[in-house]
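Visitor: Here is the input, now give the coordinates:
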Amino acid sequence: MKETKVICFTNNKGGSGKSTTCSNVGCAMAMAGKKVLLIDADMQLNLSLSFFSEDEVLEFATGNKNLYQAIKAQKDLSDYIVATSYENLDLIPSSTLMSSIEYELFTKWQRELILKKCLENVRTSGVYDFILIDAPPTLGGWVMNVLCASDQVIIPVEASPWGLFGLANMFDFLNEVKQISTELKLMGIVVTKVDTRKNYFKQTLETLKEMEDIHLFESYIRVDSSIEWSQDNSAPVVAYKKSSRSAKEYTALAEEVLEIGSR
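Guide: Numbering: from 1, shown residues only. Okay, the predicted model is just below:
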């Protein structure tokens, strides 16, 4: 039976391109023949909106087939999976009610491990090669849940003057989680929203390269209007406009993730 790897995309700073990176890496993996499950763990619903229309996402969010309802009832996540229009690619949608998930978890026994338990049957079924989770841009009990359910972490960092802001807090939080989930590893950092003409792109790269024991992905994602066009059409850019620069960059990133994730 194949071993299913769980990878979390997280950054406590909003606007890092986290959901866009998760959706495109997942879709590129699926296009490469891997069976992938995406989990939208963010109340902003951006990962769900990458594959479904606003009306469909709101229907998921207000119905019974979403992550919030599963976690609240501590149910097996197998029953909450929906197929996307792409081969090899499924999704567990989110809900706006995820904003109150911390409250729901507060009184639960071993609350930091609830997502891991709910995901156990999906993970051990051998159906999926990879499970990718889009975490909310916060630090707290729910993100701890997401990290405890994961094997590896990818941190997208925006190439901007404020892109590295809060990264130290993220690292501190990861170290806290590792006390509970000792096998958790940081796969690496990917730089997003890059404008190669700007000095702060070079500064961001230099700062990240100076960090000890931190893998920096060779692929970086440049600013590209094709990404916005694809988002307007509820599709990942790797599928919506395969010839675009960003599609090629996300595909290259997915190849790096596959190579590291398969070790």
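Visitor: Go through this structure and flag its longest helix.
Guide: helix 245-261 (DSSP state H).
Visitor: Now do that helix: everything it contacts.
Guide: Helix 245-261 is contacted from outside by 5, 7, 21, 24-25, 28-29, 31-32, 34, 130, 152, 154, 187-188, 190, 215, 217-222, 224, 226-227, 236-238, 240-241, using CB atoms under 8 Å, 6 or more residues apart in numbering. To be clear about C-beta, it is placed using only N, CA and C from the backbone, and glycine gets the same treatment.
Visitor: filter those to the buried ones?
Guide: Neighbour counting by 16 or more other CB atoms under 10 Å classes 5, 7, 21, 24-25, 28-29, 31, 34, 130, 152, 154, 187-188, 190, 215, 217, 219-222, 224, 226-227, 236-238, 240-241 among the contacts of helix 245-261 as buried.
Visitor: and the residues you listed, which of them are in helices?
Guide: Checking those against DSSP H, those in helices are 21, 24, 25, 28, 29, 31, 226, 227, 237, 238, 240.
Visitor: Can you name the two of those that sit furthest apart?
Guide: Farthest apart among these by CB to CB are 29 and 226. That separation is 19.5 Å.
Visitor: For the residue lying closest to residue 86 once chain neighbours are set aside, give me its contacts.
Guide: Leaving aside its sequence neighbours, residue 86 sits nearest to residue 30 (CB to CB, 6 or more residues apart in numbering; 5.7 Å). Neighbour list for residue 30: 36, 86, 87, 88, 89 [criterion: CB under 8 Å, 6+ apart].
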